[in-house]
Each structure stands twice: as structure tokens, then as C-alpha cells.
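Colleague: Below: sequence and its predicted model.
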Amino acid sequence: MKTAVLTFAFSFFALSVCVSSSTARPWYAGKTLQGAYVGQWKMATYTHKLATAAAWISFQPKLKDKALYSKMIQGVRPQAFQLVQCVDRSAAEETYDSRANVDELAERCMFSLDW
């Protein structure tokens, strides 16, 4: 009986590991913060910020070409990291109201990064 219980427990554990790893989402997928307020950006998870940066980048001609050239969005991952850092720094400035649109910060960051 003990062996059956242990076998069941191990099988359940193995199944749950397989299910959770197969449902892992790529870094660029997930809820995005396009159109969000600065206050929402500040409270968002890094994963959501990164997905949003990927979405913003997909509309930038210079970086869109790079993504298409690499045939994967992985080609713009370094730029997505840069964009999140820039928007985080900008959002931290006291001059921005928490109700300001985060898309405007992203536009300014992409301009300053010469994208």
C-alpha cells in the first residue's frame, strides 16, 4: 500500500512539473501595458513590462526590420531590456504624474535611444 501511495505521489508530481513547464510563456507574451498610466507601470511585474516593450518595438521601423531579419523576436530582446530600463527611470522622475500615459514615456525613450 505504501508503495502504491508513493508511486501515485511521484506520478502526480512528475505530471505537474510537465504541465507547468509546457505552459511557460515566452518572454514577449503576456499582458501588455500599452495605454497604461505611469502608476500602473510602476506597479506592474517585470514580465509585463518586458512584453510591453516587445510590443512597442514591433512598431518601430528600425527594430522591426531587425526582428524580421532574425526571424524571431529574440533579436530585439536586448532592446526590450533597454527600453524597460529607460521607461522605469523616466517613470521614477517626480515630474511625471501617476496618471500620465506610459506610451509617451516609451516614445521619448525610443527617440533618445535613436530608434
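Modeller: Sure thing, it's come through.
Colleague: wait, what's in contact with R77?
Modeller: R77 is in contact with W27, Y28, A54, counting by C-beta atoms under 8 Å, 6 or more residues apart in numbering. All C-beta spots, glycine's among them, are computed from the backbone N, C-alpha and C.
Colleague: Pretty sure it sits in a strand.
Modeller: No - counting by DSSP: H, G, I helix; E, B strand; the rest coil, R77 is located in no strand; its state is helix.
Colleague: What does the pLDDT read for it?
Modeller: R77 is assigned 86 on the pLDDT scale.
Colleague: Next, Q60: phi, psi?
Modeller: phi -90, psi 120 (degrees, to the nearest 10).
Colleague: rewinding a little: now, among the contacts of R77, which is nearest to W41?
Modeller: Taking C-beta to C-beta as the measure, W41 lies nearest A54 of the contacts of R77, at 14.9 Å.
Colleague: residues near the spatially closest residue to that closest one that is not a sequence neighbour, how many?
Modeller: Of all residues not flanking A54 in the chain, Y28 sits nearest, at 3.8 Å (C-beta to C-beta, 6 or more residues apart in numbering). Residue crowding around Y28 was assessed by other C-beta atoms under 10 Å; the count is 22.
Colleague: Looks to me like Y28 is in a helix.
Modeller: No - according to three-state DSSP, the state of Y28 is coil, so it is not within a helix.
Colleague: does it really touch W56, like I thought?
Modeller: No - if you go by C-beta atoms under 8 Å, Y28 and W56 don't touch, sitting 11.1 Å apart.
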